[in-house]
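Asker: Provide a 3D model corresponding to the input given below.
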Amino acid sequence: MNRVLFFATDRPIHVGSYRIWVNDLSQYLKSCGVPCEITGNLEEACASDHEIIICSKADAALAPTFMSPVRKVGIINLSADSKVRPDFVIVGSIEEQISLSYHKNVFLFPLIEKMYQSAEHYKKHVNNDVLRVGFHGSCSHLGKFDFGLKQALEALDRELNLELLVVTAPQPFNWRTGAPNIKNVIIKQWNFNTVRNDLLSCDIGVVPNVTSIDVSKDSDSLSVDLGRYSTDYVTRFKNKSNAGRNFVFHQLGIPVIADLTPSNLHILGNPDCGFVAQNTESWYKALIELRDVSKRQQVANSAKKEFDRLYNPVQWARRLYNNIKEI
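Answerer: Below you'll find the model as predicted:
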């Protein structure tokens, strides 16, 4: 078998790109029988006789240093504006894969987190006096609450005891756009050692990502001949959009409401597995339906079953390795 060397000058376990695509992926590849090592020593990496070198996202600029006719060099999560042209790129979603399709080889390995895979950390839902809704991820996503989720939470807060738990980084920050005007908002710093238990305290997970654009009043953009109507969806999302935040909730047994980001639909397109929302009414209806504890458990269990079927990390690692080997 070809040997794989991951090159990462820094190994921050709290950074998702390192944690998933270096730390976790190297272990998944070893489970497939692929010899793997990790190094941050540039001289050692240049002198190595590994047939495959995979550079961390932070070390993309160093990839040309390793390129030669006798090895294949790849980069994790490469920026779309990078001028580096490696032998292959590893991405986390179809959205990102398409955006980088000008590279010759772009291979998908989804954001499957090993730290949430244990069956012992799976939520058993019970009735509580308070319904806790949870968000996790970068604070850059919090502004997306403004497109329906904020208003839905405010409506729900008037009807029952509601808490919103936000687990995010970096902190401190001043959340203005999208912040719901509700009584109980708890903001916690994302921490590798505590995030799992923080999320397990939640009854429902929410994953806002897109920016919705209202075209109903923009008559200049409407055209029956071109099939452009005032009721069209017009959304904006990053090229690196992915379903990774959903996955964490699926793995922990927490039902998810997410928006129309394409990757979300691979699991949530099945209505047994969760809810897709895009405006105030759809966010609100999903939250109302998930007040019922038996519904929460049923949805969470269905989503976990589908996640395990579609996102076995060892199978994805094997597919990735075979794709690289065939270059």
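
Asker: Which residues does the residue nearest to His50 when sequence neighbours are not counted form beta bridges with?
Answerer: In this structure, His50 finds its nearest non-sequential neighbour in Leu5, 3.9 Å apart by CB to CB, 6 or more residues apart in numbering. Quick note: C-beta positions are derived from backbone N, CA and C, even for glycine. Beta-bridge pairing of Leu5 under DSSP bridges involves Glu37, Ile53.

Asker: my guess is Leu5 meets Cys46, correct?
Answerer: No - with contacts counted by CB atoms under 8 Å, Leu5 stays clear of Cys46, the gap being 10.6 Å.

Asker: Just want to know which of these two has more residues nearby.
Answerer: Leu5 (23 against 13; other CB atoms under 10 Å).

Asker: residues contacting the more buried one?
Answerer: When contacts are counted by CB atoms under 8 Å, 6 or more residues apart in numbering, Leu5 touches 36-39, 45, 48, 50, 52-54.

Asker: In this model Gly253 seems to touch Tyr122, though I could be wrong.
Answerer: Yes - assessed by CB under 8 Å, Tyr122 is found in contact with Gly253 at 4.3 Å.

Asker: hey, what's in contact with both of those two?
Answerer: Shared contacts of Tyr122 and Gly253, defined by CB under 8 Å, 6+ apart, comprise Lys304.

Asker: give me every residue that touches the residue nearest in space to the middle of the chain.
Answerer: Centroid-nearest residue in the chain: Gly244, 2.0 Å away (criterion: CA atoms, centre = their mean). Listed by CB under 8 Å, 6+ apart, the contact set of Gly244 reads 16, 20, 92, 110-111, 113.

Asker: rerun that using 6 Å as the cut-off
Answerer: Leu111 (CB atoms under 6 Å, 6 or more residues apart in numbering).

Asker: Spatially nearest residue to His121 (excluding sequence neighbours)?
Answerer: Spatial nearest neighbour of His121, chain neighbours left out: Arg196 (5.9 Å); criterion: CB to CB, 6+ apart.

Asker: Rounded mean pLDDT for the helix or strand where the one you found lies, please.
Answerer: According to DSSP states H and E, Arg196 maps onto helix 195-200. Average pLDDT, helix 195-200: 97.

Asker: repeat for stretch 220-227
Answerer: In this model, stretch 220-227 has a mean pLDDT of 86.

Asker: next one: stretch 308-317
Answerer: Rounded mean pLDDT across stretch 308-317 is 98.

Asker: Next, the distance between the ends of that stretch.
Answerer: End-to-end span of stretch 308-317 (CA to CA, to the nearest Å): 14 Å.

Asker: How about residues contacting that stretch?
Answerer: 28-29, 31-32, 109-110, 112.

Asker: Just the ones in strands from these, please.
Answerer: With strands taken from DSSP state E, there is no overlap with the contacts of stretch 308-317.

Asker: Narrow the residues you listed to those in helices?
Answerer: Applying DSSP state H to the contacts of stretch 308-317, the entries found in helices are 28-29, 31.

Asker: Quick one: buried ones out of these?
Answerer: Burial by neighbour count, 16 or more other CB atoms under 10 Å: within these this picks out 28-29.

Asker: nearest to Val248, of the ones in helices among the contacts of stretch 308-317?
Answerer: Of all the ones in helices among the contacts of stretch 308-317, Tyr28 has the smallest distance to Val248: 17.0 Å, by CB to CB.

Asker: in what helix or strand does the closest residue to that closest one other than its chain neighbours lie?
Answerer: Leaving out its chain neighbours, the residue that sits closest to Tyr28 by CB to CB, 6+ apart is Ala317, at 3.7 Å. For Ala317, the element it lies in under DSSP H and E is helix 313-325.

Asker: For that helix, buried residues please.
Answerer: In helix 313-325, counting by 16+ other CB under 10 Å, buried: 313, 316-318, 320-321, 323-324.
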